[in-house]
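[1] Kindly return the folded structure for what I paste below:
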Amino acid sequence: MKRIFAMLVCFLALSALTSTAMAAADFGLKGIGVRVGVVEPENLDTTVGFGLFMDLGTFHPNVAFETYASYWSNSFDVGLAESSFSDIVIGAKVEYMFTVSRPTIHPFIGAGLSAHIMKSSASIAAIGPFEAMNLDATDTKMGLDLGGGLRAGVADQVDIIGEAWYTFVSDFNQLTATGGIAYKF
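    Below you'll find the model as predicted:
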């Protein structure tokens with residue numbers, strides 16, 4: 001009997017905590033946006049990247065959830081060879097929004113996970129008796145995103161965002177600094 005009573009008390013306490021947490025949560029599609037900026041991949045030149053993101057609401061009044069997709073590419077020539085690298089990124093981030101005195105400005109820090117579909121290709125011109133060669137490789141790697149930024153409301157349904165993220169990806173760590181605009185529903 002004591003065991004059943006203890007289980008009932010635990011169930012009621014857990015139910016109360018869960019309902020309180022769910023009452024503070026506000027999940028759902030809250031907005032969409034675009035971003036553009038510079039990407040500095042490890043061992044490559046700085047390039048331009050762009051992407052789309054979706055604001056999926058909050059777990060807690062200060063903790064937001066976002067999914068995103070982005071793309072960058074980089075090409076260069078070395079004498080008789082041409083090389084190119086590209087990265088298609090699909091990921092999700094959790095951001096902690098700091099409470100400040102101005103309600104339209106929200107600094108944040110965050111972390112996330114991302115899948116990187118990386119493609120590399122090289123073309124080598126024919127040299128003497130050697131024929132021209134084309135090489136292609138595609139690899140998918142997981143990444144860990146760490147960063148932060150500032151979100152500022154410029155209208156009832158429009159925010160501008162500036163942010164910087166460092167992504168740890170095996171053999172291709174990258175620093176990204178972007179600016180963007182979000183439309184809130």
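[2] doesn't residue 122 make contact with residue 134?
    Yes. Counting by Cβ atoms under 8 Å, residue 134 does reach residue 122; the two are 7.4 Å apart. In this view, the C-beta of every residue, glycine as well, is placed from N, C-alpha and C.
[3] Of those two, which one has the most company?
    residue 122 (15 against 9; other Cβ atoms under 10 Å).
[4] end to end, how far does stretch 97-105 reach?
    10 Å (Cα to Cα, to the nearest Å).
[5] what's the answer for stretch 74-84, then?
    One end of stretch 74-84 to the other measures 6 Å (Cα to Cα).
[6] what's the answer for stretch 150-170, then?
    28 Å.
[7] buried set for the helix or strand harbouring residue 176?
    Using DSSP states H and E, residue 176 maps to strand 174-184. Buried residues in strand 174-184, counting neighbours by 16 or more other Cβ atoms under 10 Å, are found at 174, 176, 177, 178, 180, 182.
[8] Just send those residues back as JSON lines, with distance to residue 116 and pLDDT too.
    Output for those, formatted as JSON lines (distance: Cβ to Cβ, whole Å; pLDDT from 0 to 100):
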{"residue": "174", "distance to residue 116": "9", "pLDDT": "96"}
{"residue": "176", "distance to residue 116": "12", "pLDDT": "97"}
{"residue": "177", "distance to residue 116": "18", "pLDDT": "98"}
{"residue": "178", "distance to residue 116": "16", "pLDDT": "98"}
{"residue": "180", "distance to residue 116": "20", "pLDDT": "97"}
{"residue": "182", "distance to residue 116": "23", "pLDDT": "96"}
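[9] Can you lay out those residues as a markdown table showing distance to residue 115?
    Output for these, formatted as a markdown table (distance: Cβ to Cβ, whole Å):
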| residue | distance to residue 115 |
| --- | --- |
| 174 | 14 |
| 176 | 16 |
| 177 | 21 |
| 178 | 19 |
| 180 | 21 |
| 182 | 23 |
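[10] Thank you kindly, that will do.
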